[in-house]
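J.: Quick check, what structure comes out for this input:
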Amino acid sequence: MLPLPFTFDRPTTAAAAIAAIGGSDDGMFYSGGTELLLAMKMRVIHTDRLVDIKGIPGLDRIVLNGSNEVEIGSRCVHRMIAKDPVIGEHVPALSALCANVANVRVRSVGTIGGNLCFGEPHADPPTLLAALNARLVLQGPDGTRSVDVDDFIRSELETVREPDELLTTIVFPRPTGPVTYRRFKHGERPSVNVGMAWSMSGDGMIKSARVRVGALGSRPQPLRAVEAALAGRAIADVRTAIEAVLVDALNELEVNADRHGGADYKRHLAGVLLLRNAEEAMTYKEASR
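T.: You can find the predicted model right below:
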């Protein structure tokens, strides 16, 4: 099936792209198109104008900025992130994630910005980026604003981004401790995924931890009880600390039963993935001393 007719713009600046969307009744930004074009061909989504952002400079760079934060341009494709030396040095878990997203077609042309903006619950990047405390920079007709990844996805396939706001950059603090990510997948998409990031104190204790579980509900969810149990803990006490609160923490998660599995099964998988993440993090820390 072919999509319904639409116009096609190729602006060379972010401001021109935003203006083009603003002048449309139902325009959409376009880059990789791995989700959008399929949905248009199936006529699940229709737009009267596509605004191609591939000609806008600066949206495909990855840097460690002067504030010790990692910046990833929204137009970076997964393969580029997987091979980038900055990501490889500071967040190897994100390199591995991007090297295994979906299939080779998606990894070659699909962008991390498109992945986030599509709001698909069964996606890899949002969970780990939320664990990394990432924020998203949105540029619109009235200026720029930042939104935490935790708050970006409103519900399934819906985000807080306005139609004429362009996601330009993903920003997160350079990790100061181990970062881990695991998923259990059904086909090419995760049925359950878990991202975890520790911040370490100078004496080798866990200063703080962020844990996010994804693909269970409409967006990644925190495991607050586990985070609290890990804060201030010695590495050797991690497993005991997690197991003491794990059942209650998993029971607080919103879980949608679907073709990926029932609620109890998914909670069990989340617990298994979390403990495996913790075991990896403990090894990483010991190896880096």
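J.: So A82 lies in a strand, does it not?
T.: No - counting by DSSP: H, G, I helix; E, B strand; the rest coil, A82 falls outside a strand, being helix.
J.: got the contact list for G140?
T.: Counting by Cβ atoms under 8 Å, 6 or more residues apart in numbering, G140 touches I18, E162, D164, E165, L166. Placement of C-beta: from N, CA and C, glycine included.
J.: ok, for the residue sitting nearest the centre point of the chain, nearest residue in space, not its chain neighbours?
T.: Compute the mean C-alpha point of the chain, and by Cα atoms, centre = their mean the closest residue is P126, 2.1 Å away. Leaving aside its chain neighbours, P126 sits nearest to P220 (5.4 Å; criterion: Cβ to Cβ, 6 or more residues apart in numbering).
J.: Walking through the stretch 151-289 of the chain, point out its strands one by one.
T.: In the stretch 151-289 of the chain, the strands defined using DSSP state E, counting those that start in this stretch lie at 153-155, 158-159, 166-173, 179-186, 189-200, 206-214, 221-222.
J.: Include mean neighbour count, mean pLDDT and distance to M40 when you put those strands into TSV, please.
T.: Output for the strands of the stretch 151-289 of the chain, formatted as TSV (neighbours: other Cβ atoms under 10 Å; pLDDT from 0 to 100; distance: least, Cβ to Cβ, whole Å):
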stretch	mean neighbour count	mean pLDDT	distance to M40
strand 153-155	17	94	21
strand 158-159	16	96	18
strand 166-173	22	98	19
strand 179-186	21	96	25
strand 189-200	25	96	20
strand 206-214	24	97	26
strand 221-222	19	98	31
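J.: Now, the contacts of G140 that are in helices?
T.: Among those, the residues falling in helices (DSSP state H) are I18.
J.: Quick one: buried ones out of the contacts of G140?
T.: Neighbour-count burial (16 or more other Cβ atoms under 10 Å) applied to the contacts of G140 gives I18, D164, E165, L166.
J.: Output these as TSV; include the columns distance to H90.
T.: As requested, these are arranged in TSV below (distance: Cβ to Cβ, whole Å):
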residue	distance to H90
I18	31
D164	33
E165	28
L166	26
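J.: about what we covered before: what sits against the residue nearest to P126?
T.: Taking Cβ under 8 Å, 6+ apart, we find P220 in contact with P126, T127, A130, A131, V149, D150, I153, G195, R212, V213, G214.
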